[in-house]
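Asks: Predicted model and sequence below, questions to follow.
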Amino acid sequence: MDNKNISLIWLICGPSSAGKSTFIQSKKCKEITSLPENTPTIMAHTFQPNQVLNPETILHYNMLQSETLWEKMIGIFSRNGSKKTEFDFEKIPSWTSIKRARADIKAVVLVCSRDTLLKRIKKRKFVEVKGLNKQKLYPKAKWIKMISSVNLELLYRQWCEELKLNGIPFTLVNSETDTYKVIENESEMLNVIKQEKTKYSKAKIKEILKRKVFEYQRIELPYGFYTKGADRSDTRDTIFPDSLDGKSLLDIGCALGYMCFEAEKLGAKKVVGYDLKKKRFEGAKILKDIKGSDVEFHLGDIFTETIEEQFDIVLFLNVIHHLPEPVSALRKLSHLAREKLIIEFPTINDIKFKKTVSSFERSWDEFPFIGVSEINTAKQTFVFTPKAIERILMNHDKLFRKIDFLDSPMDDRKIAICHK
């Protein structure tokens, strides 16, 4: 460091909810740092390089501390971990300020798995401000989305490299529990980050995936495994808010349960999935067990069963065009939805439907039309224009306050988000 050293900074760092504040107050912190009682703590985002420091100071440092930072972290954020773009930490204002401080710097890196971080975030209510004695409401939705998306392994590895590059000695600490065991090396660090909350071994999951075919949806599993199916993450990001904390959700035609598992990950308190196909239902139950999920899966036809329970959100994705009585189905589901009914449906522009008619005008999609398809040719019953859906749900019956129509990531399909 170029500046003359006049004090000592201990950087206590980790992502949000890694346990920085709790660690700072622990005996283990004093044991590792040898800092005296009542050593002042500064929130790193408020730190100024020229501010007067005590001989010894603790900096509480969030490695993912702002939305601006998040936008700059191109390549770091990837749900499947496939992107490996390097990140330039020099772009983070608080980090550049810390490095310019006239002080020696040492660090403790608190290491935590994604599952543990998300569980803590969902329970958290407040965030510290400036000093550890002030609080404001914790932006839970933002952090659920950020931690769910970040490539944690890459983030921790690059952060350790950044500390080494700047000559900052650091101690790795396992913050999964309050014992704060010191991690001996970065290989052990990665094992903590990848810690999987499952009763299945890596070999057992691999054997299950080899023996049984899981089609239709790509679902992430422990140890980096996933099912072979379509990636529906674009649809997930279109229909779900940043958080479903405390919500209940019903998924009609859930298949292997992708949207159910994603809703649970976003904090939904109760998630129920229905499917008619026994093979998919059995697959969903196996995946639920592997993931240690609390989602409820049912094999059955919700339109012939009596269901009195309402759900905050009802999903009806890519099912309507297989039903013999789609209008009555829409009416039933509208009564099950307390807040929203979300429908994904093929329009009359659907290529399968167009093959069943002798002539076709794309402008027809602007009218309230229902297309009657051919069962044998197209494997579908009816397709709808957005205007038709709107007229059924808001004109024939005033079942919803408004409907937002969005383009589906799937070709020639729409998504209707119907608001009570």
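Replies: That came through fine.
Asks: So D234 sits against P409, correct?
Replies: Yes - with contact defined as CB atoms under 8 Å, D234 reaches P409; the gap is 3.8 Å. Bear in mind the C-beta positions are built from the backbone N, C-alpha and C, glycine included.
Asks: all helices for the stretch 301-420 of the chain, in order.
Replies: In chain order, the stretch 301-420 of the chain shows helices spanning 326-336, 351-354, 375-378, 386-391, with DSSP state H, counting those that start in this stretch as the criterion.
Asks: now the residue positioned nearest the centre of the chain, what's its secondary structure?
Replies: When CA atoms, centre = their mean is applied to the chain, the residue found nearest the centroid is S148 (3.7 Å). Per DSSP: H, G, I helix; E, B strand; the rest coil, the local secondary structure of S148 is helix.
Asks: weakest of the helices of the stretch 301-420 of the chain in terms of mean pLDDT?
Replies: Within the helices of the stretch 301-420 of the chain, confidence is poorest for helix 375-378, with a mean of 81 (mean pLDDT).
Asks: Buried residues of that helix, list them for me.
Replies: Counting neighbours by 16 or more other CB atoms under 10 Å, one finds that the buried residues in helix 375-378 are A378.
Asks: Check the offset of it from the chain's centre.
Replies: The gap between where helix 375-378 is centred and where its chain is centred comes out at 37 Å by CA atoms, centre = their mean, to the nearest Å.
Asks: Can you show me the strands along the stretch 301-420 of the chain?
Replies: When assigned using DSSP state E, counting those that start in this stretch, the strands of the stretch 301-420 of the chain occupy the ranges 311-317, 337-346, 370-372, 382-384, 402-407, 413-419.
Asks: that older thread, got CSV for the helices of the stretch 301-420 of the chain, with distance to R218 too?
Replies: Output for the helices of the stretch 301-420 of the chain, formatted as CSV (distance: least, CB to CB, whole Å):
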stretch, distance to R218
helix 326-336, 26
helix 351-354, 23
helix 375-378, 25
helix 386-391, 28
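Asks: residue contacts, K140?
Replies: With CB atoms under 8 Å, 6 or more residues apart in numbering as the criterion, the residues that contact K140 are I121, K122, R124, S243, D245, G267.
Asks: Please indicate which of those are buried?
Replies: Using 16+ other CB under 10 Å as the threshold, I121, K122, S243, G267 are the buried ones among the contacts of K140.
Asks: As JSON lines, the residues you listed with secondary structure and pLDDT would be great.
Replies: Listed next are the buried ones among the contacts of K140 as JSON lines, based on DSSP: H, G, I helix; E, B strand; the rest coil; pLDDT from 0 to 100:
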{"residue": "I121", "secondary structure": "helix", "pLDDT": "87"}
{"residue": "K122", "secondary structure": "helix", "pLDDT": "83"}
{"residue": "S243", "secondary structure": "coil", "pLDDT": "79"}
{"residue": "G267", "secondary structure": "coil", "pLDDT": "81"}
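Asks: And those residues, which is closest to K212?
Replies: Within the buried ones among the contacts of K140, distances to K212 taken as CB to CB reach their minimum at G267, with 29.7 Å.
Asks: Which among the helices of the stretch 301-420 of the chain is found nearest to D365?
Replies: Set against D365 and scored by CB to CB, those come closest in helix 386-391, at 7.6 Å.
Asks: And the contacts of the closest one?
Replies: Helix 386-391 has contacts (CB under 8 Å, 6+ apart) with 330, 343, 345, 347, 365-370, 403, 405, 414, 416.
Asks: Dump that helix to PDB, keeping only the CA atoms.
Replies: Extracted C-alpha coordinates of helix 386-391, given in PDB (Å, rounded to 0.1, in the frame of the first residue of the first chain):
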ATOM      1  CA  PRO A 386     -55.900 -12.000 -26.000                       C
ATOM      2  CA  LYS A 387     -59.100 -10.100 -26.700                       C
ATOM      3  CA  ALA A 388     -61.000 -13.300 -26.300                       C
ATOM      4  CA  ILE A 389     -59.500 -14.000 -22.900                       C
ATOM      5  CA  GLU A 390     -60.200 -10.400 -21.900                       C
ATOM      6  CA  ARG A 391     -63.800 -10.500 -23.000                       C
END
